[in-house]
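Colleague: quick one: sequence and predicted model below, then my questions.
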Amino acid sequence: MERPTPKPVEVPVPPDRFLVSKTDTKGIITYANPVFCEIAGYSEEELIGKPHNIVRHPDMPRTIFKLLWDTIQKGEELFAYVKNMAKDGSYYWVFAHVTPTFDSSGKIIGYTSDRRPVLNRDVLTNIIEPLYRELKEAESRGGLEAGVRLLDEKLKQVSKSYEEFVFTITFKED
Ligand SMILES: Cc1cc2nc3c(=O)[nH]c(=O)nc-3n(C[C@H](O)[C@H](O)[C@H](O)COP(=O)(O)O)c2cc1C
């Protein structure tokens, strides 16, 4: 399938709805709820069986997806701000929570993600967008490794793990 051309139009994500999807262990979509289909602009048939990068936006740093996969493949959960691209090239921001699903023997059999809208827009404008721009720049100069190194340095500067960083900016009191 051809990738849409990104366009600077934001799809509003309703504040009281969750976008949910499930994948197999390779990131192939096995379930998409109606809200996810509606916001991303795809039918359920168009999403099921496709890699989840179908909604990847080119503004997203690869570093964040490496962190995502490294974390969930270890059996842990991850929270992240993600800019996604809808079928018509427009974009939507979400705060995503991705978790592994286990069988009764403890083996990972897939992943689930639920996403909610980003209500605090200042977090995007002042923290996440500048950070992701810097990560993208580092990646274009020195590849994925440079992005990972930059994120590590930024977290060291504030003495936080990635999760602590995300939680601090998300739930800080104004
Ligand atoms: C449960 C689950 C949900 C995901 N949700 C998204 C998503 O909403 N947007 C996205 O770009 N990637 C998402 N990913 C990550 C993609 O699988 C992929 O790693 C990412 O889009 C980077 O694309 P690439 O592999 O082509 O570099 C998700 C992965 C999993 C396991």
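Modeller: Sure thing, it's come through. Numbering: from 1, shown residues only.
Colleague: from now on I want contacts and neighbour counts done on CA atoms only, so please keep to that.
Modeller: Will do.
Colleague: longest helix in the chain, please.
Modeller: Counting residues, the longest helix in the chain under DSSP state H turns out to be helix 129-157.
Colleague: any weak-confidence spans in the chain?
Modeller: Within the chain, the set of residues satisfying pLDDT under 70 comprises 1, 173-174.
Colleague: quick one: name the residues of it near the ligand.
Modeller: Within reach of the ligand by C-alpha under 6 Å from any ligand atom, the chain has these residues: 22-23, 27, 52-53, 55-56, 65, 84, 98, 111-113.
Colleague: and the residue nearest the centre of the chain, which of the three is it?
Modeller: When C-alpha atoms, centre = their mean is applied to the chain, the residue found nearest the centroid is Val82 (3.6 Å). Following DSSP: H, G, I helix; E, B strand; the rest coil, Val82 is assigned to strand.
Colleague: quick check: bridge partners of it?
Modeller: When assigned by DSSP bridges, Val82 has beta-bridge partners Val94.
Colleague: quick one: the helices in the protein?
Modeller: Secondary structure of the chain (DSSP H): helices at 34-40, 44-47, 62-73, 121-122, 129-157, 162-171.
Colleague: export those helices to CSV and append columns for mean neighbour count.
Modeller: As requested, the helices of the chain are exported to CSV (neighbours: other C-alpha atoms under 10 Å):
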stretch, mean neighbour count
helix 34-40, 19
helix 44-47, 16
helix 62-73, 17
helix 121-122, 12
helix 129-157, 17
helix 162-171, 14
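Colleague: reformat these as JSON lines; add distance to Pro12.
Modeller: Output for those, formatted as JSON lines (distance: least, C-alpha to C-alpha, whole Å):
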{"stretch": "helix 34-40", "distance to Pro12": "8"}
{"stretch": "helix 44-47", "distance to Pro12": "20"}
{"stretch": "helix 62-73", "distance to Pro12": "23"}
{"stretch": "helix 121-122", "distance to Pro12": "12"}
{"stretch": "helix 129-157", "distance to Pro12": "17"}
{"stretch": "helix 162-171", "distance to Pro12": "19"}
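Colleague: against the centre of the chain, work out the most remote residue.
Modeller: Residue farthest from the centre of the chain, counting by C-alpha atoms, centre = their mean, is Ser105 at 28.3 Å.
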